[in-house]
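# only geometry, no sequence info:
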């Protein structure tokens, strides 16, 4: 089960880094283009921020770890019955 948690941790870290790097790249792209494109990029960055996609990261972590523990306990109970 620890191996599953390590894999889950790596996935969550990569997801967080991807959001961070994507936000920086989009911000710099919008600033260099300017005009309507910058307005649109800033809107996308707002949606990716704490109120958007990255705001769900703590919930994703909690649900994933909870499901791993629940799965481990259910598999353990299934083996004891036999």
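In hand now; what should we look at? This one's a predicted model, so the numbers in the text were calculated from it and none came from an experiment.

# On the three-state scheme, residue 9 is what?
The three-state label given to residue 9 by DSSP: H, G, I helix; E, B strand; the rest coil is helix.

# just checking, next helix/strand downstream of the helix or strand where residue 18 lies?
Assessed by DSSP states H and E, residue 18 sits inside helix 2-33. On the C-terminal side of helix 2-33, the nearest following helix or strand under DSSP H and E is helix 35-48.

# now that next one against helix 2-33, angle please.
Here helix 35-48 points in a direction 160 degrees away from that of helix 2-33 (axes from the mean of the first three to the mean of the last three C-alpha atoms, to 10 degrees).

# Can you name every helix or strand that helix 35-48 contacts?
helix 2-33 (3 or more C-beta pairs under 8 Å, 6 or more residues apart in numbering; DSSP states H and E). Placement of C-beta: from N, CA and C, glycine included.

# Determine how far the helix it packs on lies from the middle of the whole chain.
8 Å (C-alpha atoms, centre = their mean, to the nearest Å).

# So which elements touch that helix?
helix 35-48, helix 57-80.
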